[in-house]
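# Predicted model and sequence below, questions to follow.
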Amino acid sequence: MADANRELPPHLKAQLNAQSYVGPATFGMRPMLSEPEQLDSWQPDVAVVGAPWDDSTTNRPGARFGPRALRASAYDPGTYHLDLGVEIFDHLDVVDYGDAVTSHGMWELSKAAIHERVSQVASRGIVPFIIGGDHSITWPAATAVAEHHGFGNVVMIHFDAHADTANILEGNLASHGTPMRRLIESGAIPGPNFLQVGLRGYWPGEEDQKWMRDNGLKHFMMQEFWERGVKEMIPEIIAAAKARASKVYISIDIDVLDPGFAPATGTPEPGGFAPIDLLRIVRQIVLETDVVGFDVMEVAPAYDHADITVNNAHRLIWEAFGAMAAKKRAAGLTANP
C-alpha cells in the first residue's frame, strides 16, 4: 500500500497539468522524485531514469543531451491511447526519477552511477525506463534489472541497426558498440536470451557474426521485415521471447528507425523502420510479455530537425506506457491516487 503522503504542492501540480512548455521539464510531465525513500512512499509502477552519458560514442557525440531533450522538447501528445481506448495514467503510475549523475570522461564512475540509479528502481519491483545517452548505458542498466530478477531469467529484445557485440573498439571495452557482448559475457543476459531486431547495413564483420552464432543470438534482420512484412513477424518475435525467459528487457537504439524519421543519432543507417511499424511492434510486445526494463538510447538532439527524433523516441515510450496501462485495466487495477 502506497504512503498517503503523495500530494503534490498545488502550484507544482498546476504546472504539471498545464501545457508541456509550462513548468519543470519532467518526462511526460510526471511528478519528479529524487530519493529512494520517495520511491518507497510513492510506490509507482514505472520510474524514468535519465543517463546523460555519450563518451563511448564512436561517431557523432551529443546523446548526453538526450534525456533533457526527451523531457523538454517532446510536445505533450495527450494521455488517452486512441487504439487501446485507455486513459494511460488512470491505470499506470509513472514518476520521473531524475538522472544518474555521470562524470564526463570517467566510465567506471559513470557506469556505477547508472547501475546504482537503475538498481534503486528495479530492486523495489518498479519498472525502470532509461533514457540515454549512448548505448553503453544498457550494460549497467540491464545488469541492474537482471540482478533483481536473476541472471538468465531475462530476455533482451534489442532494436538496433547494429548488433553492438564487438569485443573491443579502438581499445575500448565499453564502447557503445560493445555493450551486448559485455552483458552476455557477464551472464546477466546469456546469448541464447538475445533477440536482435532491425539489424542492417555493413557492420559488424564476419568475426563478430561468428561469435554471435556461436553464442546463440537470434536475429530478425531488416531484410526479413522487407521480404515478409511486419505483421507476420511480430508474433514470431513474441513467441521467441516467451520461449527463452519469462521477463523481458527492451532496448531501443533510435537508429533502428530510418534516418528520415530519426536523423538525430550518432550512427544513422539508411533502410530502417518507419515509426508506424515500430510503434506497433513495441506496443504488441509490451501487451503480450512481462516487460521489466526498457530503454531508448542514442538520441543526439543537436542533429534533429523540428524535434522529429525526440518525438519518435518519446512515443516509443508512450506506446509502452499505453500497453502497460491497458494490461492493468484488464486486471482491474488503477494507479495509486
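Nice, thanks for sending it over.
# which helices and strands sit right next to the helix or strand harbouring Arg280?
Secondary-structure element containing Arg280, defined by DSSP states H and E: helix 275-288. When contacts are defined as 3 or more CB pairs under 8 Å, 6 or more residues apart in numbering; DSSP states H and E, helix 275-288 packs onto helix 230-244, strand 247-253, helix 308-330. Backbone N, C-alpha and C define where each C-beta goes, glycine included.
# residues in contact with the residue lying closest to Ala320 once chain neighbours are set aside?
Closest residue to Ala320 apart from its sequence neighbours, by CB to CB, 6 or more residues apart in numbering: Val286 at 4.8 Å. Contacts of Val286 were listed using CB atoms under 8 Å, 6 or more residues apart in numbering, and they are Ile250, Glu319, Ala320, Ala323, Met324, Lys327.
# and if you look at Leu195?
Val155, Met156, Ile157, His158, Leu217, Lys218, His219, Phe220, Ile237, Ala240, Ala241, Arg244.
# Run through the residues that contact the residue lying closest to Thr334 once chain neighbours are set aside.
Here the nearest residue to Thr334 in space, its sequence neighbours aside, is His91; by CB to CB, 6+ apart that works out to 5.6 Å. Contacts were defined as CB under 8 Å, 6+ apart; by that measure His91 touches Ala325, Ala326, Lys328, Arg329, Leu333, Thr334, Ala335.
# For His91, give me the pLDDT.
pLDDT for His91: 98.
# quick one: it and Ile238, what's the gap?
In this view, His91 and Ile238 are 22 Å apart by CB to CB, to the nearest Å.
# What of Thr57?
In this structure, Thr57 and Ile238 are separated by 32 Å, where distance is defined by CB to CB.
# In terms of packing, which of the two has more residues around it?
Thr57 (22 against 19; other CB atoms under 10 Å).
# Now do the phi/psi pair for that one.
When quoted as degrees, to the nearest 10, the phi and psi of Thr57 stand at phi -80, psi 140.
# surely it meets Thr265?
No. Using CB atoms under 8 Å, Thr57 and Thr265 do not qualify as a contacting pair, with a distance of 10.1 Å.
# What number of residues are in the vicinity of Arg244?
22.
# Next up, the contacts around it.
With contacts defined as CB under 8 Å, 6+ apart, the neighbours of Arg244 are Val155, Pro192, Asn193, Leu195.
# again with Met233
Met233 makes contact with Phe220, Glu224, Phe225 under the criterion CB under 8 Å, 6+ apart.
# Met29 too?
If a contact means CB under 8 Å, 6+ apart, then Met29 has Leu16, Asn17, Ser20, Gly23, Asp76 as its contacts.
# Show the pLDDT at the residue nearest to Val291 when sequence neighbours are not counted.
If the residues on either side of it in the chain are set aside, Val291 comes closest to Val248, at 4.9 Å by CB to CB, 6+ apart. Note on Val248: pLDDT of 98.
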